[in-house]
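A.B. asks: Sequence isn't available, so here's the structure alone:
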């Protein structure tokens with residue numbers, strides 16, 4: 001069971017994934033050795049999936065982000081497995097979730113520009129035999145984007 005210090009550690013980690021035990025001890029008012037032990041336990045127990053750097057898309061030449069809503073032709077396990085393998089191989093796909101409701105899948109994709117987005121959509125997503133339809137919405141402005149979960 002997570003206690004208050006564990007939750008504080010997780011909250012700080014969500015903002016600063018690169019923080020070490022000494023800095024963590026200053027942030028949550030607990031000794032560095034206790035922080036080190038708790039940080040190791042939180043990782044070991046599966047509370048932390050990993051640490052990542054948030055990159056600036058524009059500095060890498062990525063100028064277009066979009067959501068793509070997909071309706072599948074079939075919900076058979078082999079079709080789902082084939083689509084999953086196809087999506088996992090596409091670097092442009094940042095996120096893929098199964099949905100309830102009208103669409104079956106939502107993708108968040110990142111490409112250089114409209115031409116590369118059209119190429120991805122037309123030749124790699126819509127061309128997939130498992131896909132019946134796809135509707136896309138280009139992101140105009142990022143109002144909020146976080147991976148931080150609500151804690152406490």
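C.D. replies: That came in fine, so what should we check first? Just so it is clear, the structure is predicted and the values come from calculations on it, not from any experiment. Numbers count the residues shown, from 1 in each chain.

A.B. asks: Please make it C-alpha for all contacts and neighbour counts, starting now.
C.D. replies: Noted.

A.B. asks: Show me the domain layout of this protein.
C.D. replies: Following automatic domain parsing, one gets these domains for the chain: 4-44, 58-138.

A.B. asks: Ok, which of the ones you listed comes nearest residue 147?
C.D. replies: domain 4-44 (7.6 Å; Cα to Cα).

A.B. asks: for the domains of the chain, which one sits closest to residue 148?
C.D. replies: domain 4-44 (5.5 Å).

A.B. asks: Once you drop chain neighbours, what's closest to the residue positioned nearest the centre of the chain?
C.D. replies: The residue lying closest to the centre of the chain (Cα atoms, centre = their mean) is residue 95, at 5.3 Å. The shortest distance from residue 95 to any non-neighbouring residue, by Cα to Cα, 6 or more residues apart in numbering, is to residue 108 (5.0 Å).

A.B. asks: Check residue 147 too.
C.D. replies: Nearest residue to residue 147 in three dimensions, chain neighbours excluded: residue 14, at 7.6 Å (Cα to Cα, 6+ apart).

A.B. asks: how far is the host helix or strand of the one you found from where the chain is centred?
C.D. replies: Using DSSP states H and E, residue 14 maps to helix 4-15. Mean C-alpha position of helix 4-15 versus that of the full chain (Cα atoms, centre = their mean, to the nearest Å) differs by 20 Å.
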